[in-house]
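# okay, predicted coordinates and the sequence, questions at the end:
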Amino acid sequence: MQGYTDIRTGGLVARLPQGWQPYALLARLDRPIGSWLLFLPGLWAFAIAAPGWAEGLRLTLLFGIGAVAMRGAGCVVNDLWDRDIDRRVERTRGRPLASGAVTPWQALAFLAGLCLVGLLVLLQLNRAAILFGLCSLVPILLYPLAKRLTHWPQAMLGLTFSWAGPQGIAAATGQVDAVALLLWAAGFCWILGYDTIYAHQDREDDAMVGIGSTALRWGERTRPFLAACYAVTLAFLALAGWAAGLAWLYLPGLLLPAALLARQVAMLDIHDPAGCLRLFKANREVGLAIALAFLLGRL
């Protein structure tokens, strides 16, 4: 793993003014996959419950903007907590706070700006979605503690990143019902699985510095754990479609995400960090395929 990092300083980041680049890296704008994964459970909600195309598109745009802002805010919080640990981990030692490119006070000011964007998006939603969104701040703030106290920080991330599912149902319908809870459960299990893949990039460094993860908890037994997470995900998705009263077409539609998830299980090599990152990123297509399945059920 010598020299391995997933930080990307080229592309869009390289085109920004030099003074902006550390903040773009701090918010992970070089790696938009995190924003996609935060957004996708919300897209499931709109695919399954939006009252019409116009409202569905409006909510999709708002949740997309909110996902970028709040994913960035979560990364700032995480990096403030972890800056001393990040200096000791190969993949993360180049992060702006760990490297000193951004000071903690500068990061806090940037965090305030991102939260303001998130608040402005939130205020465009109905009361139920606003209240549910405000509650999401609790797991966002607690996530960095989970890795210090347990081997299950991926469960806390699952709780946080799946939040857009029930919040999206609340935004579309004004209530948090059985469909919302089933989407939340499906998102939680999906995230628990894919973030375990992601955590295998840091397995050795995490063990050295005393950080817990499901990658360390399951080790060579990760494949059956991953298969179980993804199987339960699909079961909850099927139940969500049934509870929403979708037409039967959503069930064969779920075969595509099922095949994509099975491919991840089959191809997993926990000793290949770059391969783990590729499998992790492949979950964007999984999430889009799930939304497509739900749309098929509304034809």
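Arrived safely. As the structure is a prediction and not an experimental result, all values here were calculated from the model.

# for the rest of this, base every contact and every neighbour count on C-alpha atoms.
OK.

# what ranges in the chain fall below the confidence cut-off?
Applying pLDDT under 70 to the chain picks out residues 1-7, 9-10, 144.

# max-length helix in it?
Secondary structure of the chain per DSSP state H: the longest helix is helix 53-86.

# give the other helices and strands that the helix or strand that that helix is followed by contacts.
Next along the chain after helix 53-86, taking DSSP states H and E as the criterion, comes helix 96-99. Packing partners of helix 96-99 (3 or more C-alpha pairs under 8 Å, 6 or more residues apart in numbering; DSSP states H and E): helix 21-26, helix 53-86.

# and helix 96-99, what's buried?
96-98 (16 or more other C-alpha atoms under 10 Å).

# residues in contact with residue 80?
97, 104, 107 (C-alpha atoms under 8 Å, 6 or more residues apart in numbering).

# and stretch 111-120, how far from the chain's centre?
Computed by C-alpha atoms, centre = their mean, to the nearest Å, the chain-centroid distance of stretch 111-120 equals 18 Å.

# return the set of buried residues in it.
Of the residues in stretch 111-120, those buried (16+ other C-alpha under 10 Å) are 111, 114-115, 118-119.

# now render those residues as JSON lines, adding secondary structure and distance to residue 185.
Shown next, in JSON lines, are those (DSSP: H, G, I helix; E, B strand; the rest coil; distance: C-alpha to C-alpha, whole Å):
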{"residue": "111", "secondary structure": "helix", "distance to residue 185": "29"}
{"residue": "114", "secondary structure": "helix", "distance to residue 185": "27"}
{"residue": "115", "secondary structure": "helix", "distance to residue 185": "26"}
{"residue": "118", "secondary structure": "helix", "distance to residue 185": "24"}
{"residue": "119", "secondary structure": "helix", "distance to residue 185": "25"}
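
# and of those, the nearest to residue 41?
Minimum separation from residue 41 among the buried residues of stretch 111-120 (C-alpha to C-alpha) is found for residue 118, which lies at 17.1 Å.

# what sits closest to residue 185 if chain neighbours are left out?
residue 236 (6.7 Å; C-alpha to C-alpha, 6 or more residues apart in numbering).

# helix or strand next in line after the helix or strand containing the one you found, which one?
Using DSSP H and E, residue 236 sits within helix 222-243. With elements assigned by DSSP H and E, the helix or strand that comes after helix 222-243 is helix 250-253.

# and that next one, what does it pack against?
helix 283-296.
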